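Asks: Starting from these lines, generate the structure:
(2 chains)
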Amino acid sequence: MSTASDAADRIERIGIAVGLVALVAAPFVLYPVFVMKLMCFALFAAAFNLLIGYGGLLSFGHAAFFGTGGYLAAHAAKVWGLDPLLSVLFAAFGATVTGLVVGALAIRRKGIYFSMITLALSQMVFFVALQAPFTGGEDGIQGVPRGMLFGVFDLDKPLMMYAFVSAIFLLGMFAVWRVVHSPFGQILTAIRDNEARAISLGYDVDRYKLTAFVISAALAGAAGGVKSLVFQLASLTDITWQMSGEVVLITLLGGIGTLLGPVVGAIIVVAMQNYLATVNFPVPVITGIIFVVCVLLFRRGIVGELRHWASRRASHEG
Amino acid sequence: MDADIILKATQLTKQFRGFYAVRDVDLSVRRGAIHALIGPNGAGKTTVFNLLTKFHIPTAGTIMFDGEDITHEKPAATARRGLVRSFQISATFPHLTVLENVRVALQRPAGLAAQFWRSSDVLKQLDERAIALIEDFKLMPWLREPATNLSYGRKRALELATTLALEPRMMLLDEPMAGLGHEDIDHVVELIRKAAQGRTVLMVEHNLSVVSKLCDRITVLQRGEILAEGDYATVSEDPRVREAYMGKEAA
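Replies: Here you go, the predicted model:
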């Protein structure tokens, strides 16, 4: 009966425990900025996964929210001298507004058309980032101060910054988990499963899709905001369509519709990029190969396959 | 106006690129009746059905539900009025469990649908009602099984249980027997009979023995227009109906 999905959940719970331990140990073993970058991408992918994994909506323009968040946080911290936490919140707020506009337009279409509208609109956001007077054009916004959290904690200290990023990352992941396991999440899954039936039960499905879209955009914006504080730079790369593609790859590789999938995917992709950066072999070729192998051999993604394996084992025993 | 008529379509017409799928259909469904819509393939049954449930927009004509004009209402809004449809292909939420399927129907009326900040544990307060319905439809052994794992007949039962959870005033069933084996048909006939207590049912159905057993009024469609209407005896005696539809069956 339910033992199969229980077994799958158990494996993910073990994963969470391992992840939390690793999070505490990581800055003493690895380069903290690397782990912080990883957390930014993991949160970004988790936000994206909320939409595709539970809402069945493939956004191909999520870099628009990630990038918008990056620019807004950088601007708030550098020009206005806002508190780092407020800068991140401002980033999330700006991405929320962007998400509301993009979502309201895209949600009117389904499937590939939905994806194409998100792509087109994100290209417009990219254009704004390139041309607007406050974004620094090709250079982006450089020299963003990390600042003093609450005027007390100096985020220029690596461990302080690490704790700050970890807190936002964990909060963001909790937010995704909460939305998925909420009354709303249940309706969202129902709509993904059978939209016409959900309508016939009286649900205005567009409102639910838009809500999911906006929540996802807000979290992606927060991730982008944190990233610009970590690197002290808001850059054009974070808002390109390639970045929208990268988050698809991360999520697919880790496992669509799983809690830990985006984290595992982010670890693999970010680590690969970091370690291959020094090799002459072009990284896009390798990510391309991984993408193809993933789609052909393990479509559920790493965490998805693990869950599947666990639940099959449980149902054979039971 | 007759207060006894719960659903009334007047001069209902649907054109697809110049082709009349449905033309000038007048249909009145009495409150509390089990009304069937029959006719040969391509007669426009499903189109009428989609018009009544607002999944299509009529080219002309009006639809009144319980004295109110719903012609231009959105389908979800019509559903909230208590006019709820089923689908030809059984409509469950395949990745949700049987319990969750029924609960989805209960969530909206209970105001537990939009909260994304609360734990889904709050949905447990709906379990009692959901389980009562699931018991009625003999689905208890599969309570925590994803709907996709159920047999076709049980999916039908689950769909009816979910629909009934809304306590609709009127149900529209689109070929409820489609795809069922003989052994399941009698069971589903019983389910519909039970579900129809205290409410109105309009069903599109091919299986005439089911129609004769269940329905107290029958409307026959042919080429988008009404050919005949009456109880089973009247309709089955009608020579035009025999020729258009049953004659073919008898041959």
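
Asks: make it CA atoms for all contacts and neighbour counts henceforth
Replies: Will do.

Asks: who in the stretch 51-200 of chain A is up against chain B?
Replies: Contacts of the stretch 51-200 of chain A with chain B, taken as Cα under 8 Å from any Cα of the partner chain, map to A:178-187, A:189-190, A:193-194, A:197, A:199-200.

Asks: Filter those residues down to the ones in strands?
Replies: Among these, DSSP state E puts none in strands.

Asks: what's the helix or strand where residue A:242 lies packed up against?
Replies: Taking DSSP states H and E as the definition, one finds residue A:242 inside helix A:241-254. Helices and strands touching helix A:241-254, by 3 or more Cα pairs under 8 Å, 6 or more residues apart in numbering or on different chains; DSSP states H and E, are helix A:32-49, helix A:63-78, helix A:111-131, helix A:261-276, helix A:283-297, helix A:301-317.

Asks: The fifth one - contacts with which helices or strands?
Replies: Right, the one you point to is helix A:283-297. Helix A:283-297 is packed against helix A:241-254, helix A:261-276, with contacts defined by 3+ Cα pairs under 8 Å, 6+ apart.

Asks: picking up where we left off before, mean neighbour count added to the helices and strands packed on helix A:241-254, as a markdown table?
Replies: As requested, those are exported to a markdown table (neighbours: other Cα atoms under 10 Å in any protein chain shown):
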| stretch | mean neighbour count |
| --- | --- |
| helix A:32-49 | 26 |
| helix A:63-78 | 31 |
| helix A:111-131 | 18 |
| helix A:261-276 | 21 |
| helix A:283-297 | 13 |
| helix A:301-317 | 18 |
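
Asks: pLDDT averaged over the helix holding residue A:242 - what is it?
Replies: Across helix A:241-254, the average pLDDT comes to 90.

Asks: do stretch B:226-233 as well
Replies: On average, stretch B:226-233 scores 84.

Asks: what's that stretch in contact with?
Replies: With Cα atoms under 8 Å, 6 or more residues apart in numbering or on different chains as the test, stretch B:226-233 has contacts from B:25-26, B:211-212, B:215-221, B:235, B:238, B:240-241.

Asks: Now for residue 138, how many residues are close by?
Replies: Since no chain was named, I'll use chain A. Using other Cα atoms under 10 Å in any protein chain shown, the number of residues around residue A:138 comes to 12.

Asks: wrong one, I was asking about chain B
Replies: As a burial measure, residue B:138 scores 14 neighbours (other Cα under 10 Å).

Asks: wait, residue A:298 sits on residue A:305?
Replies: Yes: contact criterion Cα atoms under 8 Å: residue A:298 and residue A:305 qualify, at 6.8 Å.

Asks: How about residue B:31: what's its closest non-neighbour residue?
Replies: residue B:6 (5.1 Å; Cα to Cα, 6 or more residues apart in numbering or on different chains).

Asks: Am I right that residue B:7 sits in a strand?
Replies: Yes: Residue B:7 sits within a strand when classified using DSSP: H, G, I helix; E, B strand; the rest coil.

Asks: so it makes contact with residue B:69?
Replies: No: counting by Cα under 8 Å, no contact exists between residue B:7 and residue B:69, whose distance comes to 10.0 Å.

Asks: list the residues that contact both of these two?
Replies: Contacts common to residue B:7 and residue B:69, judged by Cα under 8 Å, 6+ apart, are residue B:63.
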